[in-house]
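Participant: Requesting a structural model of the entry that follows:
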Amino acid sequence: AVVSTQSTGKMMLVSPWDGVMKAIKLRPRQKDCVVCGDNPTVTSPIDYVRFCGSGKNKTYGNASTEDERITCQQLKNEPYKHLIDVRPAVEFGICALENSVSVPFNELMSDKADLTSHIPEDTSEPVYLLCRAGINSQIAVQHLKEKYPEHCFKDIIGGLLGWTGDIDPSFPIY
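Facilitator: Here you go, the predicted model:
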């Protein structure tokens, strides 16, 4: 029997939605890798989010300061009038918090979205921004602060994943 080595060192990615297949060349084993190297330090399952230095309390660059962020519990306890969900419209269609409006991140960042009906005239009234994990909403807060510097924009820490974990375990996770 002949063994083909044609795919050695490659990973095949297949998309069942559009039938696209792509082969990616894998780099060779690294001697100093913490998982598969000569002296591995990661030898059992780990908390991948913590390993990567990510998570719901992570801020991204200069994205949001503490006064520009609120917890899911604070949002639940505080009556809010303006909640902008920056997830794609299809995700917003799957699940959404009560009284939230959809303004997809890409539209918001490209200034294609008309925000006049979502930003109050009263500049002291906060506008909350929400996404799936709390990353894009931090970036959106900074973008809107530059565009509307007199207004108050706040990011919800952890996004909808945080809401499910901290407030409502029955809220859908996708």
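
Participant: longest helix anywhere in this protein?
Facilitator: Ranked by residue count, the top helix of the chain under DSSP state H comes out as helix 136-147.

Participant: by contact count, what packs against it?
Facilitator: Where contact means 3 or more Cβ pairs under 8 Å, 6 or more residues apart in numbering; DSSP states H and E, helix 136-147 is packed against helix 105-109, strand 127-130, strand 153-156. Just so you know, the C-beta spots here come from the backbone N, C-alpha and C atoms, and that holds for glycine as well.

Participant: Check what contacts the last one and list those residues.
Facilitator: By that I understand strand 153-156. Strand 153-156 is contacted from outside by 63-64, 68-72, 75, 126-130, 134, 137-138, 140-141, 144-145, 162-163, using Cβ atoms under 8 Å, 6 or more residues apart in numbering.

Participant: Relative to it, what are the paired strands and their orientations?
Facilitator: Partners of strand 153-156 in the sheet, by DSSP bridges, are strand 69-70 (parallel), strand 127-130 (parallel).

Participant: Check these for me and report the most buried one.
Facilitator: Ranked by mean neighbour count, the strands paired with strand 153-156 are led by strand 127-130 with a mean of 25 (mean count of other Cβ atoms under 10 Å).

Participant: ok so, going back, in PyMOL, how would I select just the buried ones from the contacts of strand 153-156?
Facilitator: Only the buried entries of the contacts of strand 153-156 go into this PyMOL selection, using 16 or more other Cβ atoms under 10 Å:
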select buried, resi 63+64+68+69+70+71+72+75+126+127+128+129+130+134+137+138+140+141+144+162+163
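
Participant: Please enumerate the helices of this structure.
Facilitator: Ranges of helices in the chain, per DSSP H, are 48-51, 72-77, 89-94, 105-109, 136-147, 159-166.

Participant: Between those, which one is closest to V20.
Facilitator: Across those, V20 has its closest neighbour in helix 89-94 (19.7 Å, Cβ to Cβ).
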